[in-house]
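> predicted model, plus sequence, below.
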Amino acid sequence: MQRVTNIVLAFLLAFSFILSDTAKAQNITESKFGSGISVVARDSSFSMKFSTRFQTLYEGVHDLEADKYRDNLLIRRARLKFDGFVHNPKIQYKIELGLSGSDIGNKDVVSESNYAPLQILDALVRYNFYGNWSLWFGQTKLPGNIERVISSQALQFVDRSFLNSRYNLDRDRGVQLHYSGKLINLKGAVSIGEGRNISEDNAGGYDYTLRAEWFPFGQFNKKGDYIGSDLSRESIPRLMLGVSYDLNDHTNRERGQLGKVLGDTRTLEAVFADLHFKYRGWSLMSEYVVKRAPEGAVVMDGAFYTGTGFNVQTGYLLENNFELALRFTEVLPAKETMRADVHQYTLGVSKYIVGHSLKIQSDLTRIEIEGEDGSIMYRAQVEVSF
């Protein structure tokens, strides 16, 4: 962990020297706020775009059962991003590093002597080898539920739903094959199945993921299918219908790529169905998931997270770029896991100053937990990305 931290700090120091020399020369970039800083080799042998972002979050929770209020102010995310091409514009890369505590904190012990360093979020090469087909190799998000694949920068609410935190596939290391058409996108992945940056030997088999997306009215503007809110104000209705299937062969982590390591392995199956709709400032996103462990979810030292979940959210973007949004989420764990059902009702208000690159978001959530009085959560967050 310390070695990786030192590497990141050394990289930042070197980059600061580059920026310092640029400042002394008084060069002015043609880049605009939110688009990063781009450079291209004179011989066109490579390119690089550097961008950075951070989120400052206030969170307060009133526990209704204990009648207590707790709050915190933290840097929810802080990221460094590098992308471009090497040798040929068809060979692209992406590197994303996390710096905040929530980005790199690791509570999951892989073994007594090994912790997974989590600074590396994405380390990926994409090769557009033929037409609309591309091959991805490295570590990145798996093609699971739509909410997880939407960048945390481009969310409609302060953060993703509780469904996502319990059932998402997250990042993993492996190979992906993508096809992007006018009406259909197809994605497939074979990955290690244990999550990002794990250096231990694979506990079981591999993870297999398939996803299909259908656009009956054509593709969204500016890749809006994976952007929260209708910032493009689509002039005609746009709809994406998606379905994903994932089979994680004998994983030892309670949620597959995430969660604590358990003393036994189980094969986990998950099916996601989702939709995303946008039209003239209106947006609607919904997803449903079923996750199960055919061999049984319960082991001696805990239980794998299985069950069902549903999330639906809708919002309207006003002409002054304020948005009002509503969300309902339910998570119903399998009874054998002895986990409580959870329902959440959320009201969100956002002000987009420069799209998702500079925005202020807040939301208020009523959390209902089976057998408890539940709680009320308020969050406010500022996003800066350039």
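That came through fine.

> assign a three-state SS to residue 93, would you?
strand (DSSP: H, G, I helix; E, B strand; the rest coil).

> what do you get for the one 3 residues further on?
Under three-state DSSP, the three-state class of residue 96 is strand.

> that one and residue 122 touch, don't they?
Yes: if you go by CB atoms under 8 Å, residue 96 and residue 122 touch, sitting 4.0 Å apart. Heads up, the C-betas are built off the backbone N, CA and C, glycines and all.

> could you identify the helix or strand that succeeds the helix or strand containing residue 361?
Per DSSP states H and E: residue 361 is located in strand 358-369. Sequence order places strand 375-385 as the next helix or strand after strand 358-369, per DSSP H and E.

> before we move on, back to that, average model confidence for the strand holding residue 361?
The average of the pLDDT scores along strand 358-369 is 98.

> ditto for stretch 175-194
Stretch 175-194 shows an average pLDDT of 96 in the prediction.

> and it, end to end?
Using CA to CA, to the nearest Å, the end-to-end distance of stretch 175-194 comes to 14 Å.

> hmm, back to that, residues of the strand holding residue 361 that come out buried?
For strand 358-369, a neighbour-count test (16 or more other CB atoms under 10 Å) marks 358-359, 361-363, 365, 367-368 as buried.

> centre of the chain to it, how far?
Relative to its chain's centre, strand 358-369 lies at 18 Å (CA atoms, centre = their mean, to the nearest Å).

> so what secondary structure elements neighbour it?
Secondary-structure packing of strand 358-369 (3 or more CB pairs under 8 Å, 6 or more residues apart in numbering; DSSP states H and E): strand 342-354, strand 375-385.

> residues in contact with it?
Residues from elsewhere that reach strand 358-369, judged by CB atoms under 8 Å, 6 or more residues apart in numbering: 33-34, 157-158, 325, 327, 340-353, 374-385.

> narrow those residues to those that are buried.
Buried positions within the contacts of strand 358-369, assessed by neighbour count (16+ other CB under 10 Å), are 34, 157-158, 325, 327, 342-344, 346, 348-350, 352, 374-375, 377-385.

> angle of the strand holding residue 361 against strand 375-385?
Relative orientation of strand 358-369 versus strand 375-385 (axes from the mean of the first three to the mean of the last three CA atoms, to 10 degrees): 160 degrees.

> how about stretch 357-371 as PDB, C-alpha atoms only?
Output of stretch 357-371 as PDB, limited to C-alpha atoms (Å, rounded to 0.1, in the frame of the first residue of the first chain):
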ATOM      1  CA  SER A 357     -18.500  19.400 -14.300                       C
ATOM      2  CA  LEU A 358     -19.600  22.100 -11.800                       C
ATOM      3  CA  LYS A 359     -22.700  21.400  -9.900                       C
ATOM      4  CA  ILE A 360     -24.400  21.600  -6.500                       C
ATOM      5  CA  GLN A 361     -26.600  18.700  -5.500                       C
ATOM      6  CA  SER A 362     -28.600  17.900  -2.400                       C
ATOM      7  CA  ASP A 363     -31.100  15.200  -1.400                       C
ATOM      8  CA  LEU A 364     -33.300  14.100   1.500                       C
ATOM      9  CA  THR A 365     -34.000  10.400   2.100                       C
ATOM     10  CA  ARG A 366     -36.400   8.600   4.300                       C
ATOM     11  CA  ILE A 367     -34.900   5.200   5.100                       C
ATOM     12  CA  GLU A 368     -37.200   2.400   6.300                       C
ATOM     13  CA  ILE A 369     -35.600  -0.800   7.700                       C
ATOM     14  CA  GLU A 370     -37.700  -3.800   8.600                       C
ATOM     15  CA  GLY A 371     -38.100  -4.100  12.300                       C
END
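
> good, wrapping up.
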